[in-house]
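Undergrad: next comes the sequence, and after it the predicted model I'd like to discuss.
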Amino acid sequence: MNISESLKIAIKCIKANWMRSLLTMLGIIIGITSVIIIVGAGTGVRDYIVSLIEDMGSNAVLVSVDTAQASEGDYITLDDVANIKNKVNGVERCSPMLMGFGQGVVDKTATEVTAMLVGVNSDVQFAMTNTCEYGRFFTDEEYEANAPIAVMGLESAKDVYGYKDVTNETITVTSSGKTIKVKVVGVANVDGLTSALGGSGGFSSIFKSKSDKPTIALFMPCTTVAQVTGTKALLSNVFVIAEEGADYDAVGNATVNYLKAVHSNYSKGIYTSQNMASYIEIVDIVMNVLTIFIAGVGAISLIVGGIGVMNIMLVSVTERTREIGIRKSLGAKTAAITMQFLTESVILCLIGGFIGVVLGVSGAFGACAIIGITPKITWWLIALSLLFSSGVGLFFGIYPARKAAQLSPIDALRSE
């Protein structure tokens, strides 16, 4: 018996008992589906998070204040920002990061929005991978003058206006009883940073306000944000941009030591620094470990499915005992009988694998669509899934196939 004949017989047997075959494949389908969803979506999430960090610039060092134990005198001031830039070795630029919120109205469309105000200076643009795609960033002079201007993210612009080039548009922002008209002077790919801070785009689309107002992020002069929100410019985070070729960890430590000296709080351990490039390594390690672990748990269902295949194949051997006896009495060799049952087992698992791949790819795209990211489904993931499913069929089909092949023709023909 050649392979084509074995395939025909296998498909005929599966069709004859299609409901039983479908239930047998269920474990394989669930296993392949779960593995593809977990690996595809997990890799997509990892790539998205890495892209957020890369958008902030790999030469940036984030210096933070432990707000849980900091007093007012421990927070970083705008004078500290200027001194870090001028006095700390290895620092090329330094930007404050002051957060504020307000209610806004898009003047062109009268759309109500929740405005996340990100107070920075012009140095922050050098911490970004991409500069403004439309318009420009604000200047040092505009920063000093508390100018009511802002740079908006590409996704924020698209969400509110329906297009990206929104330079010269205005938004009326109200916060703490104060109202200003903010002019958009630039549109930049800052959505990675704004998403990490809770702004628009990416994951933040999940966290919409109860009124379903769109949330937009406006990068504004830190002095303007402090003015409109009525708060002191006391900073819990600053971005330090290191000089090219500098040791980023050393620059971060030098900045922390400078702040400890200025604020006289050596013993508190208030300040920490984190090289943004190291976040990428941490994310890679964590996501890879989680993906492998969860995918391994999902793969257990493949083993369960394989046991189900073996069980059904043993039932099939029992049901077809007379058929086996007749074929062996007519000259069918042991290898031919073995090939027939092995082929049926592998085909059963491959069909389950194909169904699992279709459901897995659909599930990965569906799950990732909810959080606004793209899963990463590679050809090797699909090929490996199908190869693994056929391997399960081959491994768990060997025992039933050998049992069928070793039946005595006389005993098989006596079977009812």
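TA: Nice, thanks for sending it over. Numbering: from 1, shown residues only.
Undergrad: for R327, what are its contacts?
TA: Taking C-beta atoms under 8 Å, 6 or more residues apart in numbering, we find R327 in contact with A336, I337. Where C-beta positions appear, they are placed from N, C-alpha and C, glycine not excepted.
Undergrad: gap between it and D79?
TA: R327 sits at a distance of 92 Å from D79 (criterion: C-beta to C-beta, to the nearest Å).
Undergrad: and V297, by the same measure?
TA: Taking C-beta to C-beta as the measure, V297 falls 53 Å from D79.
Undergrad: one more: T109?
TA: Distance of T109 to D79, given as C-beta to C-beta: 40 Å.
Undergrad: ok, I326 next?
TA: Distance of I326 to D79, given as C-beta to C-beta: 96 Å.
Undergrad: just the strands in the chain please.
TA: 60-65, 91-106, 111-120, 132-135, 149-153, 170-175, 178-188, 215-221, 237-242, 271-275 (DSSP state E).
Undergrad: turn these into a markdown table, including mean pLDDT and mean neighbour count.
TA: As requested, those are arranged in a markdown table below (pLDDT from 0 to 100; neighbours: other C-beta atoms under 10 Å):
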| stretch | mean pLDDT | mean neighbour count |
| --- | --- | --- |
| strand 60-65 | 86 | 22 |
| strand 91-106 | 89 | 21 |
| strand 111-120 | 88 | 22 |
| strand 132-135 | 86 | 17 |
| strand 149-153 | 90 | 27 |
| strand 170-175 | 91 | 20 |
| strand 178-188 | 91 | 19 |
| strand 215-221 | 88 | 27 |
| strand 237-242 | 87 | 25 |
| strand 271-275 | 85 | 19 |
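Undergrad: export those to JSON lines and tack on distance to L394?
TA: Formatted as JSON lines, these follow (distance: least, C-beta to C-beta, whole Å):
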{"stretch": "strand 60-65", "distance to L394": "52"}
{"stretch": "strand 91-106", "distance to L394": "57"}
{"stretch": "strand 111-120", "distance to L394": "56"}
{"stretch": "strand 132-135", "distance to L394": "53"}
{"stretch": "strand 149-153", "distance to L394": "52"}
{"stretch": "strand 170-175", "distance to L394": "63"}
{"stretch": "strand 178-188", "distance to L394": "54"}
{"stretch": "strand 215-221", "distance to L394": "53"}
{"stretch": "strand 237-242", "distance to L394": "55"}
{"stretch": "strand 271-275", "distance to L394": "48"}
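Undergrad: between those, which gets nearest to V357?
TA: Comparison of those against V357 by C-beta to C-beta identifies strand 149-153 as nearest, at 36.0 Å.
Undergrad: so who does the closest residue in space to Y143 that isn't next to it in sequence touch?
TA: Excluding the flanking residues, the one nearest Y143 by C-beta to C-beta, 6 or more residues apart in numbering is P221, at 4.3 Å. P221 is in contact with G119, V120, N121, F138, E142, Y143, N146, A147, I149, counting by C-beta under 8 Å, 6+ apart.
Undergrad: who does P221 bridge with?
TA: Here P221 sits in beta bridges with V120, going by DSSP bridges.
Undergrad: how near is it to K164?
TA: 23 Å.
Undergrad: before we move on, what about M287?
TA: As judged by C-beta to C-beta, M287 and K164 stand 30 Å apart.
Undergrad: got it, and R20?
TA: 56 Å.
Undergrad: pLDDT value on G308, please?
TA: For G308, the model assigns a pLDDT of 76.
Undergrad: just give me the neighbour total for it.
TA: 18 (other C-beta atoms under 10 Å).
Undergrad: and what of I294?
TA: Other residues close to I294 by other C-beta under 10 Å number 16.
Undergrad: with adjacent residues omitted, what lies nearest to it?
TA: Closest residue to I294 apart from its sequence neighbours, by C-beta to C-beta, 6+ apart: I38 at 5.0 Å.
Undergrad: repeat for D165
TA: Leaving aside its chain neighbours, D165 sits nearest to Y134 (4.4 Å; criterion: C-beta to C-beta, 6+ apart).
Undergrad: what's near enough to touch that neighbour?
TA: Applying C-beta under 8 Å, 6+ apart, the residues contacting Y134 are K164, D165, V166, T167, G186, V187.
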